[in-house]
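Undergrad: Need coordinates for the following:
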Amino acid sequence: MPHCNDSVCLADFVAVRAAESRETEDAVWNFAVQTMLSPQLREVLDCWPDAAGEVQVTAVAPGFSGAGVVRITSANGVWCLRRWPSGPSRLPEDRIRELHRWLAFLKVAGVSTVAVPSISHSGSTLVSAHGSHWQLEPWLPGVADFQQRPTDVRLSNAAAELAKLHLASERYSPKDDGAAWFSSGAGVSPAVIERRVKLRQWAASDRLGASAMANASQRELAGELQKVLSTLVPRIATELEQFADIQVRLQPCLRDVWHDHILFTGNEVTGIVDLSAARTESVAADLSRLLGSLVGDAGDRWDTALDAYSAVRPLSSDERRLIPVLDRSGVVLSSAYWFERMSEAALEEREWQRVQSFAQRVFAMHSDRDSTHRGDQSVTRRSNLE
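TA: Just a heads-up that it's a prediction; the model follows:
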């Protein structure tokens, strides 16, 4: 059995994608899994008793977080082997370990939709091997198929499950070495602080013109995005400015909870996955991210979701007012990010789909300047009643 606490310092499993070839991330990760099967992958799996013996291995297309995921079927069940990103995007080890402690706390508190990393032979939930950090966790049931059946029942269940998670997180106390990422208290939303900076940077940057893009479809969309963003960025910056000094409750939150991370079995939420972005934030950030990805600009459906959420965890008036502002700023900054990506190279199909979804909302936001927002009027009305 390998010594699982020490880095073996072999070359990274995932080959660097050459810019000129533009191999898909799916192909790169599948190639990586094939190269790991013997003996490297077996060496990593041997770090956990849950992955002992004969296993079936299936590579999973990597998400936008950059993590590598392998589905492992063993005599002890079905597992997810996660390889954390390395390089500049690598998270501090203390942060990952605190994330694991938080997940264990949530499970004990009754949140059954999160996966708690398995304990290795060394007694740790995080293994360092072959130059990367690894974790093994139960494979959660369900499919991220809300768009295929976007019913109010499923929407309400997703919002209520998020509220349940948030309610449990209020009671979490991190260790000293994890407090920087998973503490609770009152303060300005970190998303507000960070997005104000990013909007200023984007407005001041010397952006590559859309005409320099090789792909005709992307060039056309980028040209429209560039015009609209030039108008929207100052407007969204002003909205965020209104919350620059407003303190809300801060606690451990998911921060990247969206359509593809919510697994359904029938109408029930049976999994919330890819929690690598979790850290201290306002619950308003999670709600804006989730509802924006599930229902877009459908105002009545925001009301449905917020009603279901508030039945479990009531929202303060400031939290309610912050939700649509974070939604708008998130859409604008995501569109700006993808604009930059299009400036660098042609996008893959799944990336192109993401760009189009954000662009659709940006264009709707720009054409509806005098309107508040899909949920703004109801949010304001309800806040005034509290």
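Undergrad: Listing request: residues of the chain with sub-threshold pLDDT.
TA: 1-38, 61-66, 206-215, 341-347, 369-386 (pLDDT under 70).
Undergrad: Pick out the residue nearest the middle of it.
TA: The centre of the chain sits closest to residue 256, judged by CA atoms, centre = their mean, with a distance of 2.5 Å.
Undergrad: ok, now which ones touch it?
TA: Neighbouring residues of residue 256 by CB atoms under 8 Å, 6 or more residues apart in numbering: 65, 274-278, 289. Any C-beta I mention is one placed from the backbone N, CA and C, and that applies to glycine too.
Undergrad: Just read off the phi/psi values of it.
TA: phi -140, psi 50 (degrees, to the nearest 10).
Undergrad: And it, how far from residue 282?
TA: As for residue 256, its distance to residue 282 is 14 Å (criterion: CB to CB, to the nearest Å).
Undergrad: Repeat that for residue 199.
TA: Counting by CB to CB, the gap from residue 199 to residue 282 is 18 Å.
Undergrad: More neighbours: the two, which one.
TA: residue 282 (29 against 22; other CB atoms under 10 Å).
Undergrad: Excluding chain neighbours, what is closest to that one?
TA: What sits nearest to residue 282 in space, not counting adjacent residues and going by CB to CB, 6 or more residues apart in numbering, is residue 189, at 4.3 Å.
Undergrad: Now residue 252: phi and psi?
TA: Dihedral angles (degrees, to the nearest 10) for residue 252: phi -60, psi 130.
Undergrad: same question, residue 79
TA: Residue torsions, per degrees, to the nearest 10, at residue 79 are phi -130, psi 160.
Undergrad: Please report how far residue 76 lies from residue 48.
TA: 9 Å.
Undergrad: What segments of the chain are strands?
TA: 56-60, 68-74, 77-83, 127-129, 132-138, 185-187, 248-253, 262-265, 268-272, 279-281 (DSSP state E).
Undergrad: In stretch 190-209, which residues are buried?
TA: 190-192, 195-196, 198-199, 202 (16 or more other CB atoms under 10 Å).
Undergrad: out of these, what pair is the most spread apart?
TA: Maximum pairwise distance in the buried residues of stretch 190-209, criterion CB to CB, is 18.2 Å, between 190 and 202.
Undergrad: re earlier: residue 76 and residue 48 - which one has more neighbours?
TA: Comparing residue 76 with residue 48 by other CB under 10 Å, the one with more neighbours is residue 48, at 25 against 16.
Undergrad: can you give me the end-to-end distance of stretch 120-140?
TA: 19 Å (CA to CA, to the nearest Å).
Undergrad: Tell me how far stretch 247-265 lies from the chain's centre.
TA: Offset of stretch 247-265 from its chain centre (CA atoms, centre = their mean, to the nearest Å): 8 Å.
Undergrad: Please write out the alpha-carbon positions of it in PDB.
TA: Taking Å, rounded to 0.1, in the frame of the first residue of the first chain, the C-alpha atoms of stretch 247-265 are listed here in PDB:
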ATOM      1  CA  GLN A 247     -24.100  44.300   6.600                       C
ATOM      2  CA  VAL A 248     -26.000  41.000   6.300                       C
ATOM      3  CA  ARG A 249     -25.600  37.600   8.000                       C
ATOM      4  CA  LEU A 250     -22.500  35.800   6.700                       C
ATOM      5  CA  GLN A 251     -22.100  32.000   7.000                       C
ATOM      6  CA  PRO A 252     -20.700  29.000   5.100                       C
ATOM      7  CA  CYS A 253     -22.500  29.000   1.700                       C
ATOM      8  CA  LEU A 254     -22.100  27.000  -1.500                       C
ATOM      9  CA  ARG A 255     -21.500  30.000  -3.800                       C
ATOM     10  CA  ASP A 256     -21.700  27.900  -7.000                       C
ATOM     11  CA  VAL A 257     -25.000  26.200  -6.700                       C
ATOM     12  CA  TRP A 258     -26.700  26.100 -10.100                       C
ATOM     13  CA  HIS A 259     -28.700  23.900 -12.400                       C
ATOM     14  CA  ASP A 260     -26.000  21.300 -13.100                       C
ATOM     15  CA  HIS A 261     -25.100  20.800  -9.500                       C
ATOM     16  CA  ILE A 262     -28.700  20.000  -8.300                       C
ATOM     17  CA  LEU A 263     -29.600  16.300  -8.800                       C
ATOM     18  CA  PHE A 264     -33.200  15.100  -8.800                       C
ATOM     19  CA  THR A 265     -34.700  11.700  -8.400                       C
END
